[in-house]
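*Asks:* attaching a predicted model along with its sequence, questions to come.
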Amino acid sequence: MGHNRPDSRRKRDKSAERKARKAEKRRLREEEEARQVAELSVYSATDNPFHDANLGQQFRWHKKLEKDKKQGLSISESQRRDAIRRQEAKEELERLNKRRAEREVEQQLREEEEIRMQRLAESEQMADWLAKDDDFQLEQERRRAGIRLKEKRAKAVDFLVLNLKYVNPTDEIDDGLGIDEVGLEIDLDEPYTILENLTLEQTEELHDDIEKYLTLEQSETNIDFWTNMMVVCKDWLEKLKSNRDRNLDATAAVQNDVSAILNGKSLEQLSQLQRSIQAKLGSGEPIDVDYWESLLKNLLVWKSKVKLKNLHEVVVRNRLEQLRKLQRDEALLAQEELLAGVTKTVSKSWGGDIRAEAVEVVSEVLPEKEVAEVYERSMSPELIDIRRLPYDDRQIRIVSEKEDLETLLTLRRNVAASRFVPKQIAPTPEVQDSTMENGPPDLDDEALFRAEAEKELDEEEELFNLEEIIANPTTYNWEDKYRPRKPRYFNRVHTGYEWNKYNQTHYDPDNPPPKVVQGYKFNIFYPDLIDKSKAPTYKIIKEPGNDETVLLYFTAGPPYEDIAFRIVNRDWEYSHKRGFRSSFDRGCLSVWVNFRRNFYRK
């Protein structure tokens, strides 16, 4: 009995150990299955939309197991079917993950392509902005050049800009340069000759200006012009610097030799000579390399000069065409002035229907198409017997119709071949048209003239109305003082913030609302008024269809022309306490005004 107890105890221990091992294996298997299920699932126990903390554990469907047992399926068969379903689910999940990964890659590629296209569009837009900015800067540089030319303070580059103006002339009166008034009065030589009168500092300044125009220009012709000028300017700048440090006689001798070789050659000949020199330098023959390289360098400068000279010929032709156009315009203007003068003379000299008489005079000056009429002998003058004429009349030379026509053609050829000089219209002070108490100021002179003209001439008297042109006419200081002109002015506009309810709601002092116009200060100067007893006046003119702005119109009288400014259409404060001022003192008209502010209360 004593030996059986230990054996039974050992058996119980082995059975317990066996059960524990089986339980451990079962637990490990369940954990493995749970891990596999967790790998197949996209969610975890801590992160799932079901808020299930046991999501990682295997779910056992007891009712299904009971159903399978009733159908006669063993546990192994049920596990095999579950394994097949899990494998299919795993493969399906892998396919879904693969498709999702492909969609993400495609989405990323689409986003990258959209970003690339957006950057490309922004780059194109930025290029357009930069091009527009360059055009604006170029236009401003040309306008500055025009202003300096008009004000007689031009720089060297301004004359080059004037050359380019006539390379491609436009039909417009003013192309934005503002130099049409002085462009035809300035003599233009070859562009590179301007360097001969410049100092070292002025040449360096011209070099910088040419670089600026090269960066802004977009026209091929203009870029070629500035490039050639840059080549010539650099060469001239190097000569000035070398002449400052070296022997002038030796440098002049070398330049004379080079000029003797290159002078008088055309662009094609210079290009052929350039190819010959380059071939000689690349042949490897024993030659004076320094000499040929120096000659090649000077040859490039001479090519640029020849190109500029050819371009200057185009400038001269276009400028001549502009002069001819100006001649035609001034001829038409002179014809209109002549017709106006004739009409005015007839209206002053005769009474009755002035308009009808003016039409008759104009029709005489500019005859319309003639209508052929039947010739009648009675309409021709009778033939005069020369023997009955006085002795003095018989001594007058008789000119035939052919000789008269030849003389007329010769005079016309002389006029056509002569150089055109634009007519300078002398400034005349503006005369008031208002009627005075004693009538217009020229009626007395007209009455005296008529009274003298109606007197009969004596036997020994003749008309003498041949006025000579004074070679050196006297100039008066008041000529410029009383010429018609716009008055000078110095105006200010007052702007500020309006803190109404809307602005107080949507803005603050750190982010203020847009400024609005709150008033104006006009200071207009009339120091040379002829009639100082009448002060200048102003009036407000409203334009139909425009409620935002009005015209403030100032009138003073001769010699000043009227002037107007466009201002905001708002009610004025006419109280002096509110800053209103309207006075004319010591030749200055001051009109200060503030706009009325409206306050609304509930």
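*Replies:* Great, that's in hand.
*Asks:* whichever helix or strand residue 142 is part of packs against which elements?
*Replies:* Residue 142 belongs to helix 75-150 when assigned by DSSP states H and E. Where contact means 3 or more C-beta pairs under 8 Å, 6 or more residues apart in numbering; DSSP states H and E, helix 75-150 is packed against helix 4-40, helix 62-70, helix 156-165, helix 180-183, helix 200-216. Just so you know, the C-beta spots here come from the backbone N, C-alpha and C atoms, and that holds for glycine as well.
*Asks:* how about residue 523: what's its closest non-neighbour residue?
*Replies:* residue 490 (4.8 Å; C-beta to C-beta, 6 or more residues apart in numbering).
*Asks:* quick check, that neighbour in contact with residue 589.
*Replies:* No: under the criterion of C-beta atoms under 8 Å, residue 490 is not in contact with residue 589, lying 11.3 Å apart.
*Asks:* quick check: the residue nearest to residue 523 vs residue 28, distance?
*Replies:* According to C-beta to C-beta, to the nearest Å, residue 490 stands 100 Å off from residue 28.
*Asks:* quick one: average confidence on stretch 55-75?
*Replies:* When pLDDT is averaged over stretch 55-75, the result is 78.
*Asks:* off-centre distance for that stretch?
*Replies:* 87 Å (C-alpha atoms, centre = their mean, to the nearest Å).
*Asks:* span of that stretch from start to end?
*Replies:* This stretch, stretch 55-75, spans 24 Å end to end (C-alpha to C-alpha, to the nearest Å).
*Asks:* also stretch 387-395?
*Replies:* 11 Å.
*Asks:* could you do stretch 543-552 as well?
*Replies:* Note: stretch 543-552 ends 11 Å apart using C-alpha to C-alpha.
*Asks:* can you get me a residue count around the nearest residue to residue 213 once chain neighbours are set aside?
*Replies:* In space, and not counting its chain neighbours, residue 213 is closest to residue 226: 5.2 Å by C-beta to C-beta, 6+ apart. Residues near residue 226, counting by other C-beta atoms under 10 Å, number 24.
*Asks:* for residue 226, list the residues it contacts.
*Replies:* By C-beta atoms under 8 Å, 6 or more residues apart in numbering, the contact list for residue 226 reads 210, 213, 214, 217.
*Asks:* make TSV from the residues you listed and add distance to residue 163 to it.
*Replies:* Formatted as TSV, the contacts of residue 226 follow (distance: C-beta to C-beta, whole Å):
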residue	distance to residue 163
210	13
213	12
214	15
217	14
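*Asks:* and those residues, which are buried?
*Replies:* Neighbour counting by 16 or more other C-beta atoms under 10 Å classes 210, 213, 217 among the contacts of residue 226 as buried.
*Asks:* so where's the stretch 151-300 of the chain shaky on pLDDT?
*Replies:* 169-187, 244-257 (pLDDT under 70).
*Asks:* again, only using 90
*Replies:* Along the stretch 151-300 of the chain, the model assigns pLDDT under 90 to residues 151-229, 231-300.
*Asks:* okay, residue 77 and residue 85: tell me how far apart.
*Replies:* Taking C-beta to C-beta, one finds residue 77 at 13 Å from residue 85.
*Asks:* let me fix that, I meant to ask about residue 319.
*Replies:* Residue 319 is 97 Å from residue 85, by C-beta to C-beta.
*Asks:* so these two - more neighbours on which side?
*Replies:* In terms of neighbours (other C-beta under 10 Å), residue 319 is the more surrounded of residue 319 and residue 85; the figures are 18 against 10.
*Asks:* with adjacent residues omitted, what lies nearest to the more buried one?
*Replies:* What sits nearest to residue 319 in space, not counting adjacent residues and going by C-beta to C-beta, 6+ apart, is residue 166, at 4.8 Å.
*Asks:* you'd agree that neighbour is up against residue 321?
*Replies:* No: applying C-beta under 8 Å as the test, residue 166 and residue 321 come out as separate, 9.0 Å apart.
*Asks:* which one of those two is surrounded by more residues?
*Replies:* Set residue 166 next to residue 321 and count neighbours by other C-beta under 10 Å: residue 166 wins out with 21 against 12.
*Asks:* any idea how far residue 228 is from that one?
*Replies:* Taking C-beta to C-beta, one finds residue 166 at 17 Å from residue 228.
*Asks:* one step back: spell out which residues are contacts of both of residue 490 and residue 589.
*Replies:* In contact with both residue 490 and residue 589: 523, 525, using C-beta under 8 Å, 6+ apart.
*Asks:* in terms of neighbours, single out the busier of those two.
*Replies:* More neighbours surround residue 589 than the other of residue 490 and residue 589, with 21 against 10 (other C-beta under 10 Å).
*Asks:* name the helices or strands packed onto the helix or strand where the more buried one lies?
*Replies:* Per DSSP H and E: residue 589 is located in strand 588-595. Applying 3+ C-beta pairs under 8 Å, 6+ apart, one finds that strand 588-595 contacts strand 516-525, strand 572-573, strand 581-585.
*Asks:* mind running it again at 6 Å?
*Replies:* Using 3 or more C-beta pairs under 6 Å, 6 or more residues apart in numbering; DSSP states H and E as the contact definition, the elements that strand 588-595 packs against are strand 516-525, strand 581-585.
*Asks:* now mean neighbour count too, for these, in TSV please.
*Replies:* Below are the helices and strands packed on strand 588-595 laid out as TSV (neighbours: other C-beta atoms under 10 Å):
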stretch	mean neighbour count
strand 516-525	17
strand 581-585	12
